[in-house]
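>>> Build me a structure from this.
(one chain, ligands or ions: 1)
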Amino acid sequence: MPPAEYENTEVKTDVNKNIFLTKGKVLKVKGYLEVYNKEEKDDLLPMMDKNEIVDVIEIKPLSKQTTPPKPYTEETLLRAMKNCGKNVSDDDTTVLSGYSIGTSATRAEVLKKIGQVGYVSKKGKSYFITDLGQNLVEIFPVKELFDVDYTGKLEKSLSDIQKGQFTRKEYLNNIMNFIWNSVNLIKYDRQKKISTESFTYNAKTKKFVSDKNPSSSKKSTKTDTKTSKSSENTALGKCPVCGGDVMESEKGFFCTNYNNCKYGIFKDDKYLQLFKKRPTKTIVKSLLKKGDAKVKSMTGKDGNKFDAILKYEKNDKGYYGWLIKKDS
Ligand SMILES: [Zn+2]
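This is a model prediction of the structure:
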């Protein structure tokens with residue numbers, strides 16, 4: 001008898017704009033079940049079509065509790081690193097299908113390192129994240145470095161170079177840009193800081209050691225997420241990337257969703273400094289509203305003043321930069 005074939009299916013049902021998720025299987029080919037006559041399985045979904053209208057028969061509120069996922073062990077973590085690209089489709093043009101984090105020669109070393117620097121601790125066989133590790137994940141500004149698929153993206157570019165669809169120069173350019181921007185982000189992202197009072201790096205043991213006893217460390221490592229006093233709590237406009245509010249803070253003008261969309265203008269913007277200018281609230285407001293801003297008396301290389309129209313736009317590498325046009 002041929003085997004029975006199932007298809008794993010997820011059904012999203014919209015009930016008054018509340019989405020209910022159902023996971024289960026659909027029987028595609030009956031196969032040997034034809035004879036056994038036992039197709040009824042608990043997780044078997046009925047055949048249905050996309051956008052089919054269904055009746056709500058009963059609504060029953062249930063009180064349930066989820067259980068946290070099991071902590072990683074060395075074995076499961078290594079496996080996760082090896083298999084993280086497994087579910088990427090072959091058709092994906094941005095992430096390499098089947099990519100891994102590291103190689104079989106380097107993965108164990110990575111695990112050792114995250115323990116040494118104090119991001120995780122081990123209890124028995126299981127790994128647990130430390131306060132330091134949690135802080136890092138929450139406030140480290142370069143989110144790509146936490147995105148496992150970012151590895152898959154780089155791997156994809158490398159594989160495209162191999163196929164002649166991407167050049168080495170482009171690849172290195174992208175990496176350079178990424179590093180340049182990431183370093184700047186880390187340098188200027190001073191609003192949130194890992195408290196240095198609570199952890200000291202011991203160069204000999206290569207470990208971060210909590211200065212206080214562990215029970216009080218939770219409180220003392222709390223990150224400073226307060227917005228600075230100089231910031232005003234009114235939005236200057238809407239972020240052109242994500243539509244979030246752009247607010248003024250001590251360091252600059254940032255989208256409230258900055259960590260994801262990266263839209264922000266630093267007050268000590270190095271490029272405008274070349275023209276002896278600093279971005280102001282008025283400039284930012286105008287940029288957000290009209291897409292450009294008139295700025296008077298910029299100082300040119302020759303020392304002469306000129307008026308200009310500024311734009312702050314994404315270049316083809318996906319990073320924001322200034323466009324300056326003389327306004328005559
Ligand atoms: Zn935004």
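>>> mean confidence for the helix or strand S157 falls within?
Taking DSSP states H and E as the criterion, S157 maps to helix 148-162. Mean pLDDT, helix 148-162: 91.
>>> which residue ranges form the helices in this structure?
Taking DSSP state H as the criterion, the chain contains helices spanning 33-36, 74-83, 107-116, 131-139, 148-162, 168-188, 214-220, 258-261, 270-273, 281-290.
>>> what's in contact with the second one?
With C-beta atoms under 8 Å, 6 or more residues apart in numbering as the contact definition, helix 74-83 has outside contacts at 70, 72, 100-102, 104, 107-108, 110-111, 125, 127. (Each C-beta comes from the backbone N, C-alpha and C, glycine too.)
>>> Mind giving me the ChimeraX command for buried ones among the residues you listed?
Of the contacts of helix 74-83, the buried ones can be selected in ChimeraX as follows, counting by 16 or more other C-beta atoms under 10 Å:
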select :72,100,101,107,111,127
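>>> Looking at the contacts of helix 74-83, which is nearest the ion?
Nearest to the ion among these, counting by C-beta to the ion, is I101 at 28.7 Å.
>>> so how many other residues sit close to the closest residue to the closest one other than its chain neighbours?
Nearest residue to I101, sequence neighbours excluded (C-beta to C-beta, 6 or more residues apart in numbering): M81, at 4.2 Å. Around M81 there are 20 other residues, counting by other C-beta atoms under 10 Å.
>>> one step back: which helices and strands sit right next to the helix holding S157?
Applying 3 or more C-beta pairs under 8 Å, 6 or more residues apart in numbering; DSSP states H and E, we find helix 148-162 packed against helix 168-188.
>>> show me where pLDDT drops low in the chain?
Applying pLDDT under 70 to the chain picks out residues 37-43, 189-203, 206-233, 317.
>>> can you count the residues close to L236?
By other C-beta under 10 Å, 20 other residues sit near L236.
>>> That one against I283, yeah?
No: at 9.9 Å, L236 does not count as touching I283 under the criterion of C-beta atoms under 8 Å.
>>> quick revisit: distance to L21 added to the helices of the chain, as a markdown table?
Formatted as a markdown table, the helices of the chain follow (distance: least, C-beta to C-beta, whole Å):
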| stretch | distance to L21 |
| --- | --- |
| helix 33-36 | 26 |
| helix 74-83 | 23 |
| helix 107-116 | 33 |
| helix 131-139 | 26 |
| helix 148-162 | 22 |
| helix 168-188 | 35 |
| helix 214-220 | 34 |
| helix 258-261 | 24 |
| helix 270-273 | 47 |
| helix 281-290 | 37 |
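>>> Serialize the contacts of helix 74-83 to JSON lines and add fields for distance to the ion.
What follows is these, written out as JSON lines (distance: C-beta to the ion, whole Å):
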{"residue": "K70", "distance to the ion": "36"}
{"residue": "Y72", "distance to the ion": "33"}
{"residue": "S100", "distance to the ion": "32"}
{"residue": "I101", "distance to the ion": "29"}
{"residue": "G102", "distance to the ion": "32"}
{"residue": "S104", "distance to the ion": "40"}
{"residue": "R107", "distance to the ion": "35"}
{"residue": "A108", "distance to the ion": "39"}
{"residue": "V110", "distance to the ion": "32"}
{"residue": "L111", "distance to the ion": "35"}
{"residue": "K125", "distance to the ion": "42"}
{"residue": "Y127", "distance to the ion": "34"}
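>>> can you tell me if stretch 246-263 touches the ion.
Yes: taking C-beta under 5 Å from the ion as the criterion, stretch 246-263 and the ion are in contact, through 255, 257, 261, 263.
>>> Share the number of residues neighbouring the last one, please.
Okay, so that is Y263. 21.
>>> Correct me if wrong: it contacts V241.
Yes: using C-beta under 8 Å, Y263 makes contact with V241 at a distance of 4.6 Å.
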